[in-house]
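Chemist: Build me a structure from this.
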Amino acid sequence: MNAVTTRLCVESLDKQYQQGVPVLVDITFDVRAGEFVSIVGPSGAGKSTLLRCLTGLMPPSGGRVVLDGEVLRGPSQNISIVFQEYTRSLMPWLTVEKNVGLPLKARGVPRSEIERRVADVLVSVGLTGTGSKHPWQLSGGMQQRVAIARALVTEPEVLVMDEPFASVDAQTRLELEDLTRAIQRERSVTVVLVTHDIDEAVYLSDRIVVLSRNPASVVEVIEVGLGDDRDQISTRGMPRFGELRSHVLGTIRDVQDRARAT
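Modeler: Numbering: from 1, shown residues only. Here you go, the predicted model:
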């Protein structure tokens, strides 16, 4: 692949915990600039550990992560993270606008620039007019929008999302999925999503990385090919959507069956 179009490379990544217990083994895949990639696999496969290595929050035991041609040796200002537990990541005593502006304040960005960028990103996530409210005054879905806004306010090249919609109701989840795709296209941000929801992975992604059971390795990287314009009803009703869903689910079940047989 042309290096110019590659944003993130994971090369022969290994991770071991204490006593040399392997969690990740020879993980290799890449993420193109502006691409939406989902990572799926059996429960306990090591997806969250992989996410921490991808973002520089945890050093690998072997191999490397390369961002824009440079080896990642710690957290990067070009990568932002959205976690599942928005109630833990937001500061309840701060207003929405102050929560969103925290990363910029920590970097010493001038107040006028913080105010401009916070206002801009709140529009992008559909939270215009909520800046003076506190997180506890908002619904769960709106709180997660605040968390997404805070991740976007630094204008990252890569947005990493760890089960970001798992704590909201089904209808809100669909709305947040569409919001994420809209933001990705509007801001040309590269997105890496860790999810247990196969339908979500198929609906959102350009490619899907399927992991094996722990210790995790890459079983398959699947091209989705559903086009850029997607709709919760028409896209999910497409024959190709059903084929992809069955293929991903079948691949994960095969992985689980082989693990049980050994």
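Chemist: Quick check: mean pLDDT of the helix or strand hosting G101?
Modeler: If you go by DSSP states H and E, G101 is part of helix 96-106. The average pLDDT within helix 96-106 is 95.
Chemist: Can you give the distance from it to the centre of its chain?
Modeler: Distance of helix 96-106 from its chain centroid, counting by Cα atoms, centre = their mean, to the nearest Å, is 20 Å.
Chemist: cool, stretch 163-182 as well?
Modeler: A distance of 12 Å separates the centroid of the chain from that of stretch 163-182, by Cα atoms, centre = their mean.
Chemist: tell me which residues in that stretch are buried?
Modeler: 163-165, 167-168, 172-177, 179-181 (16 or more other Cβ atoms under 10 Å). Yep, even glycine has a C-beta here, placed from its N, CA and C like the rest.
Chemist: Also stretch 221-241?
Modeler: Here stretch 221-241 shows I222, V224, L226, R230, R236, F241 as buried, counting by 16+ other Cβ under 10 Å.
Chemist: Same question for stretch 50-63.
Modeler: Buried, per 16+ other Cβ under 10 Å, within stretch 50-63: L50, L51, R52, C53, L54, T55, G56, P60, S61, G63.
Chemist: do stretch 191-207 as well
Modeler: Buried residues in stretch 191-207 (16+ other Cβ under 10 Å): 191-195, 197-198, 200-207.
Chemist: Equivalent analysis for stretch 31-48, please.
Modeler: For stretch 31-48, by 16+ other Cβ under 10 Å, it's 31-32, 34-42, 45-48.
Chemist: tell me the two of these that are most distant?
Modeler: Farthest pair in these (Cβ to Cβ) is G34 and P42. Separation: 29.1 Å.
Chemist: what about C53, which SS state?
Modeler: At C53, secondary structure determined by DSSP: H, G, I helix; E, B strand; the rest coil is helix.
Chemist: That one and A170, how far apart?
Modeler: With distances taken as Cβ to Cβ, to the nearest Å, C53 is found 31 Å from A170.
Chemist: what do you get for P92?
Modeler: Applying Cβ to Cβ to P92 and A170 gives a distance of 26 Å.
Chemist: The spatially most central residue of the chain is in what secondary structure piece?
Modeler: Closest residue to the average C-alpha location of the chain: M161 at 2.4 Å, with Cα atoms, centre = their mean. Element membership for M161, per DSSP H and E: strand 158-162.
Chemist: Report all helices and strands that that strand contacts.
Modeler: With contacts taken as 3 or more Cβ pairs under 8 Å, 6 or more residues apart in numbering; DSSP states H and E, strand 158-162 sits against helix 47-54, strand 79-82, strand 190-194.
Chemist: Would you tell me which helix is longest in the chain?
Modeler: helix 239-261 (DSSP state H).
Chemist: elements contacting it?
Modeler: Helix 239-261 packs on helix 198-204, strand 207-211, strand 218-223, going by 3+ Cβ pairs under 8 Å, 6+ apart.
Chemist: Minimum distance to G140: which of those has it?
Modeler: Closest to G140 of these, according to Cβ to Cβ: helix 198-204, at 16.9 Å.
Chemist: what comes into contact with the closest one?
Modeler: 36, 38, 40, 165, 173, 177, 180-181, 191, 193, 195, 208, 224, 226, 230, 232, 235-236, 241, 244-245, 248-249, 252 (Cβ atoms under 8 Å, 6 or more residues apart in numbering).
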